[in-house]
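Enquirer: Pasting the sequence and the predicted coordinates here, then a few questions.
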Amino acid sequence: MPERRPPATSSPRRGLLAALAACAALLPPPAAATLGERLDSLEADRARLSARLVPPQDLGRFRVHTLASPATTVRQFAGPDGVVFAVAWDGPARPDLAPLLGGYHDDWRAALPPRRARAGARGARVAGRQVVVETWGRMRDLHGLAWVPALLPAGVGRDDLR
């Protein structure tokens with residue numbers, strides 16, 4: 001009678017899962033240079049989005065820091081104090097807004113109207129108590145802008161954010 005062996009407790013599949021879990025723990029956290037926060041983590045944002053950092057654009061009253069990737073371009077608008085007061089995005093898909101809006105995400109979600117189908121709807125404007133989020137575009141050409149009115153530098157308005 002052949003000798004019986006206990007079933008193997010580890011398999012190549014389990015080893016692969018363990019390796020993937022270990023790698024996931026090393027991934028950078030979600031974007032932290034979000035609305036109301038400082039630009040200190042711009043490099044982490046660049047890595048998370050697999051984007052290249054475009055040289056910043058100094059527009060006098062504020063600076064625009066652009067992260068460009070094949071999927072999405074994200075622009076972060078920062079005042080002279082380095083605090084992000086607005087973010088904008090363009091691309092074929094809307095990025096995850098939770099990391100971009102940061103602490104203002106819940107305010108935006110609470111202000112969302114009840115979901116209803118609207119034929120031909122091309123854009124929306126949602127004004128929360130502290131944040132305003134505008135989205136527009138069509139399939140595979142989506143755009144958005146979010147800003148905190150209380151953080152806008154003096155003399156800067158919505159039309160200055162491009």
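Expert: Perfect, I can see it now.
Enquirer: Give me the most central residue, the chain.
Expert: Leu100 (3.5 Å; Cα atoms, centre = their mean).
Enquirer: Next, work out how far apart the spatially closest residue to that one that is not a sequence neighbour and Ala44 are.
Expert: The shortest distance from Leu100 to any non-neighbouring residue, by Cβ to Cβ, 6 or more residues apart in numbering, is to Val87 (5.0 Å). Any C-beta I mention is one placed from the backbone N, CA and C, and that applies to glycine too. Separation of Val87 from Ala44 (Cβ to Cβ, to the nearest Å) stands at 15 Å.
Enquirer: what do you get for Leu101?
Expert: 17 Å.
Enquirer: Pick out whichever of the two has more residues nearby.
Expert: Leu101 (23 against 15; other Cβ atoms under 10 Å).
Enquirer: so the more buried one sits in a strand?
Expert: No: per DSSP: H, G, I helix; E, B strand; the rest coil, Leu101 lies outside any strand segment and is helix.
Enquirer: Please name the residues that touch it.
Expert: 34-35, 87, 108, 131, 133, 146 (Cβ atoms under 8 Å, 6 or more residues apart in numbering).
Enquirer: mind giving me a markdown table with those and columns for secondary structure and pLDDT?
Expert: Listed next are the contacts of Leu101 as a markdown table, based on DSSP: H, G, I helix; E, B strand; the rest coil; pLDDT from 0 to 100:
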| residue | secondary structure | pLDDT |
| --- | --- | --- |
| Thr34 | coil | 78 |
| Leu35 | coil | 87 |
| Val87 | strand | 95 |
| Trp108 | helix | 93 |
| Val131 | coil | 97 |
| Val133 | strand | 96 |
| Ala146 | strand | 96 |
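Enquirer: of all those residues, which two lie farthest apart?
Expert: Using Cβ to Cβ, the pair of those lying farthest apart is Thr34 and Val133, separated by 12.7 Å.
Enquirer: quick one: low-confidence parts of the chain?
Expert: 1-33, 41, 116-122 (pLDDT under 70).
Enquirer: wait, the residue nearest to the centre of the chain sits on Leu35?
Expert: Yes: contact criterion Cβ atoms under 8 Å: Leu100 and Leu35 qualify, at 7.3 Å.
Enquirer: Can you pull the residues that touch both of the two?
Expert: 87, 146.
Enquirer: Now Leu112. Its backbone dihedrals?
Expert: Note on Leu112: its backbone torsions stand at phi -60, psi 130 [degrees, to the nearest 10].
Enquirer: On the three-state scheme, Pro153 is what?
Expert: Pro153 ends up coil, using three-state DSSP.
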